[in-house]
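**Q** Quick one, structure for this:
(one chain, ligands or ions: 1)
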Amino acid sequence: MCGIVGAVAERNVTGILLEGLKRLEYRGYDSAGLAIIDDQGQLQRRRAQGKVAEVEKRLDEQPLKGGLGVAHTRWATHGKPSEANAHPHFSSDELALVHNGIIENHEPLRRQLQAAGYAFTSETDTEVVAHLVHQLYQQAGDLTLAVQQALQQLEGAYALAVIHQQHPDRLVCARKGSPLVIGVGIGEHFCASDPLALLQVTDRFVYLEEGDLATLTLNEHHVINAAGAAVERPVSQWEHGNQAAEKGSYRHFMLKEIHEQPAVIAATLEGRLSDRRVLPQALGSAAMELLPKVRQVQIIACGTSFHAGMVARYWIERLAGLPCQVEVASEYRYRDVVVTPDTLFVTISQSGETADTLAALRFARTAGYLGSLAVCNVPGSSLVRESDLSLMTQAGPEIGVASTKAFTTQLTALLLLTLALRRAHHKTEEDALEAELVQALRELPRLSEQTLQLDAAIEQLAEDFAEKHHALFLGRGSQYPIAMEGALKLKEISYIHAEAYPAGELKHGPLALVDKDMPVIAVAPRDDLVDKLKSNLQEVRARGGELYVFADPETLLEPEPGMKVLHLPKVHDILAPILYTLPLQLLSYHVAVLKGTDVDQPRNLAKSVTVE
Ligand code: AGP
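**A** Down below sits the predicted model:
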């Protein structure tokens with residue numbers, strides 16, 4: 001999705017802006033650009049459709065030099081991807097503005113500005129904001145005030161950054177509904193939609209809150225809140241290191257992130273387990289007070305995070321004995337929801353900035369839930385700040401658009417939450433099942449490491465898929481969401497149409513699709529449902545379907561004509577969804593590599609979906 005970088009410094013900021021844009025490429029975009037107040041005090045810009053490299057080429061041909069600038073990667077919403085629609089947008093060649101989000105009332109504002117004599121050169125909603133700020137600046141003579149007044153007229157979501165030729169020492173930025181951070185340097189300041197964009201220049205960040213507006217100069221940053229009052233926002237130190245944004249020796253971020261899973265699962269467990277139980281402080285003291293009051297759980301998320309929620313439902317109902325509902329945020333937020341008393345509202349999100357999930361949380365806060373808890377990977381994110389409680393995953397920055405390590409760490413954290421709920425409701429000091437699961441969790445990093453050693457064998461399997469157009473994923477029970485996650489991974493990075501079914505549903509329709517051209521992938525750990533799954537696999541074989549099965553050796557599923565089987569290490573059946581995710585990630589990765597797609601930035605997709 002769109003990305004913003006801005007800088008005010010004594011040095012030339014062109015390279016900083018360009019590097020920032022490159023670091024935002026992972027978010028997905030279709031055009032890019034930057035604007036600088038140059039050494040002669042003139043506003044200049046370079047924009048291009050396509051990759052940031054195109055902007056870089058233009059800068060090589062016509063370099064720019066100056067200490068104040070804004071830059072942007074655009075993911076088209078209003079108006080096609082083109083140079084004219086790329087940001088920054090200018091007003092009267094003296095003001096430049098970049099914007100993430102959507103301005104819902106752009107049409108009436110556009111008509112009003114056209115009537116005032118402003119000529120539009122793009123189809124974007126953003127250009128409306130540039131002219132509006134310019135118009136107000138003409139009256140106010142103060143850039144901060146002009147932006148503040150303009151924001152009062154905007155409906156929708158935004159993060160934006162503005163510069164004006166008359167103020168070569170000042171960058172004004174604001175957020176409502178889209179993330180924005182200030183980077184604090186020594187005698188220089190920056191802003192960006194994601195701290196990763198600025199790690200080359202600073203590791204100190206101020207996370208702006210909803211409705212904040214900030215004015216940045218060389219030595220100072222002033223923040224005012226939505227009510228117009230001056231506020232101090234804390235400066236946080238970045239703790240993930242800079243190498244997270246590098247691929248290292250891996251060909252793609254996705255492969256690096258798949259292989260990081262043993263370490264990040266271990267990091268997510270660290271300090272949260274004793275020998276036989278989940279430590280009470282693992283979720284914080286406020287959670288310990290809240291969890292015994294919970295009678296029901298409502299989980300809300302999108303995409304991969306939704307699949308994590310679906311697995312959690314099986315766990316919460318089985319282990320904690322509490323009813324649990326799971327729904328995608330984009331549906332939940334527009335439903336007439338009936339809230340049962342004492343329901344805990346749980347959101348799951350890697351980024352903590354997904355627009356639908358955030359909107360659902362904001363609704364839930366007014367709807368009579370017992371409290372809200374975010375399972376999230378980004379500490380300063382909107383979701384974490386706006387929830388009563390948070391349970392952080394420790395995946396580190398995830399760059400590949402296809403979510404991998406975020407998912408398995410979400411599952412790990414959700415199992416901790418489930419065990420904490422179990423303890424809160426079944427108050428026995430000694431719980432043999434909890435002790436067994438704690439032991440199994442401790443072994444999970446090692447088992448994940450072993451499972452990843454199937455990489456070469458899975459790379460071979462992938463060859464069977466490269467020419468296929470469809471695939472079917474099957475699982476039962478808590479493995480059904482894993483089948484869904486496998487299908488999502490395959491479609492998003494290899495563009496092969498893939499569907500997931502609970503295997504028992506096969507004979508109710510999808511079996512009609514099965515023939516030699518429809519590979520069927522099944523996840524078969526040893527659990528209560530494996531014998532039923534085996535019967536479903538027979539139904540596929542009898543129709544000439546090619547089967548690919550990831551199985552526990554004790555299921556006695558062995559390779560035979562028409563059925564390839566890869567064995568995973570033995571794992572506790574409760575934890576099997578976490579382990580069985582790994583081969584499906586590797587399979588989709590290798591198929592995508594064989595097909596030559598853009599693995600880390602698949603077409604049409606964005607890493608963090610900050611618009612509705
Ligand atoms: C999955 O690979 C995608 N990246 C996508 O489905 C993602 O999980 C979804 O957009 C939710 O994002 P979030 O976890 O950051 O809220």
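
**Q** so what's Ser403 closest to, chain neighbours aside?
**A** Thr304 (4.1 Å; CB to CB, 6 or more residues apart in numbering). Yep, even glycine has a C-beta here, placed from its N, CA and C like the rest.

**Q** And the residue of the stretch 101-250 of the chain closest to the ligand?
**A** Across the stretch 101-250 of the chain, the shortest distance to the ligand (CB to the nearest ligand atom) belongs to Pro179, at 11.2 Å.

**Q** Quick check: closest non-adjacent residue to that residue.
**A** Glu353 is the one closest to Pro179 (CB to CB, 6+ apart), at 4.8 Å.

**Q** Pull the contacting residues for the one you found.
**A** Applying CB atoms under 8 Å, 6 or more residues apart in numbering to Glu353 gives the contacts Ser178, Pro179, Val378, Ser381, Ser382, Leu383, Ser608, Thr610.

**Q** Any idea what Thr73 is bridged to?
**A** Taking DSSP bridges, one finds Gly3, Ala32 as the beta-bridge partners of Thr73.

**Q** what's the straight distance from one end of stretch 461-480 to the other?
**A** 21 Å (CA to CA, to the nearest Å).

**Q** Just the pLDDT for the residue of the stretch 251-400 of the chain found nearest the ligand.
**A** When distances are taken as CB to the nearest ligand atom, the stretch 251-400 of the chain reaches nearest to the ligand at Gly303, 1.9 Å away. Reported pLDDT at Gly303 in the predicted model: 97.

**Q** Ok, Ser381 next?
**A** For Ser381, the model assigns a pLDDT of 85.

**Q** which one is it nearest to, not counting chain neighbours?
**A** Closest to Ser381 by CB to CB, 6+ apart is Gly352, at 2.5 Å.

**Q** Report the secondary structure state of Val326.
**A** The three-state assignment at Val326 reads strand, by DSSP: H, G, I helix; E, B strand; the rest coil.

**Q** Does it touch Tyr314 like I think?
**A** No. Using CB atoms under 8 Å as the test, Val326 is too far from Tyr314 to be in contact (9.9 Å).

**Q** Quick one: low-confidence residue ranges for this structure.
**A** Counting by pLDDT under 70, the chain contains low-confidence residues at 1, 240-245.

**Q** That one against the ligand: which residues are in contact?
**A** With CB under 6 Å from any ligand atom as the criterion, the chain comes near the ligand at residues 302-305, 349-351, 354, 357, 401-403, 492, 608-609.

**Q** Narrow these to those in strands?
**A** Of the positions in these, Ser349 sit in strands, assigned by DSSP state E.

**Q** I'd say the residue of the stretch 101-250 of the chain closest to the ligand and Pro195 touch.
**A** No. Here Pro179 does not reach Pro195: they are 9.5 Å apart, not a contact under CB under 8 Å.

**Q** thinking again about what came up before, which residues touch the residue nearest to Ser403?
**A** Going by CB under 8 Å, 6+ apart, Thr304 touches Gln350, Ser403, Ala406, Phe407, Glu485, Leu488.

**Q** who wins for neighbours among those residues?
**A** Glu485 (32 neighbours; other CB atoms under 10 Å).

**Q** which among the residues of the chain next to the ligand gets closest to Glu10?
**A** Ser608 (32.1 Å; CB to CB).

**Q** thinking that closest one is in contact with Tyr29, fair?
**A** No. Under the criterion of CB under 8 Å, Ser608 makes no contact with Tyr29, lying 11.7 Å away.

**Q** for Phe407, phi and psi?
**A** Main-chain torsions, Phe407, degrees, to the nearest 10: phi -70, psi -50.

**Q** out of everything not next to it in sequence, what's closest to it?
**A** Nearest one to Phe407, counting by CB to CB, 6+ apart, is Thr304 at 5.0 Å.

**Q** Tell me who's in contact with the residue of the stretch 451-600 of the chain found nearest the ligand.
**A** Using CB to the nearest ligand atom, the single residue of the stretch 451-600 of the chain nearest to the ligand is Glu492, 5.7 Å away. Each residue near Glu492 by CB under 8 Å, 6+ apart is listed here: Val401, Ala402, Pro602, Leu605.

**Q** Please repeat the previous calculation with a cut-off of 7 Å.
**A** Glu492 is in contact with Ala402, Pro602, Leu605, counting by CB atoms under 7 Å, 6 or more residues apart in numbering.

**Q** if we take those, which one ends up nearest to the ligand?
**A** Of the contacts of Glu492, the one sitting nearest to the ligand (CB to the nearest ligand atom) turns out to be Ala402, at 4.3 Å.

**Q** okay, now that closest one: neighbour count?
**A** Neighbour count for Ala402, taken as other CB under 10 Å: 29.

**Q** So it sits against Met254, correct?
**A** Yes. Here Ala402 reaches Met254: they are 5.6 Å apart, a contact under CB atoms under 7 Å.

**Q** Could I get the contacting residues of the residue of the stretch 251-400 of the chain closest to the ligand?
**A** Contact analysis of Gly303 by CB under 7 Å, 6+ apart lists Leu488.
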